[in-house]
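Novice: Dropping the sequence and predicted coords here.
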Amino acid sequence: MPRELRGVATYDAPPNIALVKYWGVRDAELVLPYNSSLSVTLDRLRSRTRVRFSPSLEEDEVVLNGVRATGGARAAVLRMLELVRELARGSGSAEVRSENNFPTASGLASSASGFAALAAAASAAAGLRLSGRELSRLARRGSGSAARSIFGGFVRWEAGRRPDGKDSFARTLFGPGHWPELLDLVVLVEGAPVKSVRSADAMQATVRTSPEYARRLAGLPRRLARIERAIAARDPGKLFPLVMEECDSFREVCETTFPSLDYLTPSSRAILEEVRALNRAAGRPVAGYTHDAGAHVHLFTLERDAKSLRRRIAAVAGVRSVLVVRPGPGTRRVDGRAPSGAAPERRRQP
Ligand code: DP6
């Protein structure tokens, strides 16, 4: 007989922005990617999720940003609860409450922070003490990019090779303090459309139909290694152009997907062009742009250039606001109880 689960836990989890994109899976059920990816975990922004397992609940209850969840959003949360019940060999219903400290409709990625917080809170509430690696594998099942949001700083998610996915998890390469001068200006644009196709489905359309996908995959290990080296050396002259090259490659496979995937608005495109022009005029890479499957643009730059870059970008038509964020910590327990045991697994310390 499975034991009746009871317990409560609250976790905060951050979003992340990918410098090397995850796009395409070899196993959709287990969420196993074709390529390894690398991201920066962002400070200031977070999802806060509380999970309570209690025998007094008749069924699972899911409230997201104050609204009872229905449809696909509710189903995705229930799938994660089911995985946790399996891992804990337990039964019983749970109440899930999750809130973002940024507007979900803004189009800022919330699935990474949301599923990282849910995986951590649900497993802790069920009495599991998962390691960071185990937590990363669990979060991956909710949303691939969530595997990286478990950890802080500069994070690499290893694609792995095993059919069961045991070797597909993320780890911190460099902690949040590795490169203090590096900033991410998050440029929010007006009229960013709400996603009509889930990334998980869109990426598989790319795998099936983009004639450029195989070439992109073949070049990724080299680009990933170069980006990792540029971060290790804290070298903006190397990093920013590589980040733009990777973003352009991601956009190319999206645009050559059938039907074509176009995530940008005219303002997003104007921002990319502004950064190219600025770098040309300065004779050095002042900034590097990237974007995910959405219209907002992330600009990596150094502290000393941030003010003038921000002023210039804020003047682009259709720019709503610019947030300044830094590399930040990973997923954390915030209800004052024992820590989750999800200690970052660092390969090297800066
Ligand atoms: C473009 O893992 O976030 O952001 O859960 O369906 O939204 P969904 O998929 P998700 O896909 C992320 C794709 C990406 C690139 C990246 O973050 O690596």
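Specialist: Arrived safely, thanks for sending. All values reported here derive from a predicted model rather than from experimental measurement.

Novice: hey, let's count contacts and neighbours off CA atoms from now on
Specialist: Noted.

Novice: Isn't residue 187 up against residue 298?
Specialist: Yes - the pair residue 187 / residue 298 is scored as a contact, 6.0 Å apart, by C-alpha atoms under 8 Å.

Novice: Looking only at neighbour counts, state which of these two leads.
Specialist: Each of residue 187 and residue 298 has its neighbours counted (other C-alpha atoms under 10 Å); residue 298 has more, 26 against 23.

Novice: Show the model's pLDDT score for that one.
Specialist: For residue 298, the model assigns a pLDDT of 97.

Novice: so it sits in a helix?
Specialist: No - using DSSP: H, G, I helix; E, B strand; the rest coil, the secondary structure at residue 298 is strand, not a helix.

Novice: Grab the nearest non-local neighbour of residue 223.
Specialist: Using C-alpha to C-alpha, 6 or more residues apart in numbering and skipping residues adjacent in sequence, the residue nearest residue 223 is residue 242, 7.4 Å away.

Novice: Helix, strand, or coil at the one you found?
Specialist: Here residue 242 is helix, with the state taken from three-state DSSP.

Novice: residue contacts, it?
Specialist: By C-alpha atoms under 8 Å, 6 or more residues apart in numbering, residue 242 lies in contact with 223, 226, 227.

Novice: hmm, the helix or strand in which the second one is found in reach of the ligand?
Specialist: Residue 226 is located in helix 213-232, with elements delineated by DSSP states H and E. No - in terms of C-alpha under 6 Å from any ligand atom, no part of helix 213-232 sits within range of the ligand; the closest distance is 12.4 Å.

Novice: And stretch 75-82, by the same measure?
Specialist: No - if you take C-alpha under 6 Å from any ligand atom as the test, stretch 75-82 misses the ligand, and the best it gets is 9.6 Å.

Novice: Same question for that stretch: list its buried residues.
Specialist: 76, 77, 78, 80, 81, 82 (16 or more other C-alpha atoms under 10 Å).

Novice: next one: stretch 211-225
Specialist: Under the neighbour-count criterion of 16+ other C-alpha under 10 Å, stretch 211-225 has 212, 213, 220, 223, 224 buried.

Novice: Other residues contacting that stretch?
Specialist: 20, 34-38, 206-207, 242, 246, 249, 252-253, 256-257.

Novice: how distant is it from the center of its chain?
Specialist: Chain-centre distance of stretch 211-225: 20 Å, with C-alpha atoms, centre = their mean, to the nearest Å.

Novice: tell me the mean pLDDT over it?
Specialist: 98.

Novice: Give me every residue in the protein lying close to the ligand.
Specialist: Proximity of the chain to the ligand, by C-alpha under 6 Å from any ligand atom, involves residues 18, 21-23, 111-112, 143-145, 198-200, 292-293.

Novice: residue boundaries of the helices in the stretch 51-200 of the chain?
Specialist: When assigned using DSSP state H, counting those that start in this stretch, the helices of the stretch 51-200 of the chain occupy the ranges 71-88, 111-125, 132-142, 146-149, 199-209.

Novice: Please apply the same query to the stretch 201-350 of the chain.
Specialist: All helices of the stretch 201-350 of the chain, identified by DSSP H, counting those that start in this stretch, fall at 213-232, 236-255, 266-282, 303-314.

Novice: Pick the most deeply packed of the ones you listed.
Specialist: helix 236-255 (a mean of 20; mean count of other C-alpha atoms under 10 Å).

Novice: which stretches of the chain have low pLDDT?
Specialist: 103-107, 109, 338-350 (pLDDT under 70).

Novice: at 50 instead, please
Specialist: Residue ranges of the chain with pLDDT under 50: 340-350.

Novice: Please parse it into its domains.
Specialist: 3-176, 182-325 (automatic domain parsing).

Novice: Could you dump the ones you listed into JSON lines with distance to residue 332 added?
Specialist: As requested, these are exported to JSON lines (distance: least, C-alpha to C-alpha, whole Å):
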{"stretch": "domain 3-176", "distance to residue 332": "5"}
{"stretch": "domain 182-325", "distance to residue 332": "18"}
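
Novice: Highest mean neighbour count out of those?
Specialist: Sorting the domains of the chain by mean neighbours (by mean count of other C-alpha under 10 Å), the first place falls to domain 3-176, with a mean of 22.

Novice: end-to-end on it?
Specialist: 40 Å (C-alpha to C-alpha, to the nearest Å).

Novice: and the closest residue to residue 81 other than its chain neighbours, how far is that from residue 133?
Specialist: Among residues not flanking residue 81 along the chain, residue 122 sits closest, at 6.8 Å (C-alpha to C-alpha, 6+ apart). The spacing between residue 122 and residue 133, counted by C-alpha to C-alpha, is 16 Å.

Novice: Likewise for residue 4?
Specialist: Distance of residue 4 to residue 133, computed by C-alpha to C-alpha: 26 Å.

Novice: and what of residue 21?
Specialist: Separation of residue 21 from residue 133 (C-alpha to C-alpha) stands at 20 Å.

Novice: Could you do residue 305 as well?
Specialist: Here the criterion is C-alpha to C-alpha. By it, residue 305 lies 36 Å from residue 133.

Novice: cool, and residue 264?
Specialist: 34 Å.

Novice: Check residue 147 too.
Specialist: Taken as C-alpha to C-alpha, the span from residue 147 to residue 133 is 9 Å.
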